[in-house]
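A.B. asks: Sequence and computational prediction follow.
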Amino acid sequence: MSTIADLRRILASCRTLAVVGLSPQWHRPSFFAAKYMQAHGYRIVPVNPGATEILGERCYPSVTAAAQALAERGERIDMVDCFRRSDDIPPIAEEAIAIGARCLWLQLGVVNEAAAARARAAGLDVVMDRCVKIEHARLFGGLNWAGVNTRVISAKRPHQLPY
């Protein structure tokens, strides 16, 4: 179970996110979450073998291919964010371990205890069954973006976020 302090630390330190299963379709949750994170200063690295470019970024067929391309420019992937079925997670977790990612993040509804245990044993932080966009908005003040019902109606303009 990830604590609020763990989530804050992960989201503050992991600035380059490989989003596995990122859809090029604007109405899909993966697209919305990645667009939100990109708008909040995160580097999005799309991983989808069926696309060439998403959100203005080159798309890669695998996490390994993305990590190799970034390594050539002296960059690295900090977090592997998975929008895939729970059964598809073990090989993605192995790739995350192999590239030296710091975090394996499994989106809402995605749980794979065996892959999580393997990633934790290799030293990765693991977050399961949580949305990176919702957690960022909850912890860093971005709930004014569409997609989360805060049940608060206000005429006040939101303050600019400090990042």
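C.D. replies: Looks like it came in fine.
A.B. asks: now the worst-scoring helix or strand of the chain on mean pLDDT: how far from the chain's centre is it?
C.D. replies: Counting by mean pLDDT, DSSP states H and E, the weakest-scoring helix or strand in the chain turns out to be helix 132-140, with a mean of 91. Averaging C-alpha positions (C-alpha atoms, centre = their mean, to the nearest Å) puts helix 132-140 11 Å from its chain's average.
A.B. asks: ok, now stretch 89-107?
C.D. replies: Distance, centroid of stretch 89-107 to centroid of chain: 11 Å (C-alpha atoms, centre = their mean).
A.B. asks: That stretch: which residues count as buried?
C.D. replies: 89, 92-97, 99, 101-107 (16 or more other C-beta atoms under 10 Å). C-beta: built from backbone N, CA, C; applies to glycine.
A.B. asks: Those in strands, which ones?
C.D. replies: If you go by DSSP state E, the buried residues of stretch 89-107 have 103-106 in strands.
A.B. asks: Show me which pair in those is furthest apart.
C.D. replies: Largest separation among those by C-beta to C-beta: Cys103 and Leu106, giving 10.4 Å.
A.B. asks: that older thread, among the ones in strands among the buried residues of stretch 89-107, which one lies nearest to Leu22?
C.D. replies: Proximity of those to Leu22 (C-beta to C-beta) peaks at Trp105, which lies at 12.9 Å.
A.B. asks: Would you point out which residue is most central in the protein?
C.D. replies: The residue lying closest to the centre of the chain (C-alpha atoms, centre = their mean) is Asp81, at 3.5 Å.
A.B. asks: where does the chain dip in pLDDT?
C.D. replies: Within the chain, the stretches with pLDDT under 70 are 1, 142-163.
A.B. asks: For it, which segments count as helices?
C.D. replies: 4-13, 29-39, 63-71, 89-99, 113-121, 132-140 (DSSP state H).
A.B. asks: mind checking which of the ones you listed is nearest Gly56?
C.D. replies: The closest of the helices of the chain to Gly56 is helix 29-39. By C-beta to C-beta, the value is 8.4 Å.
A.B. asks: wait, isn't Leu124 in contact with Gly100?
C.D. replies: No: with contact defined as C-beta atoms under 8 Å, Leu124 does not count as touching Gly100 (9.2 Å).
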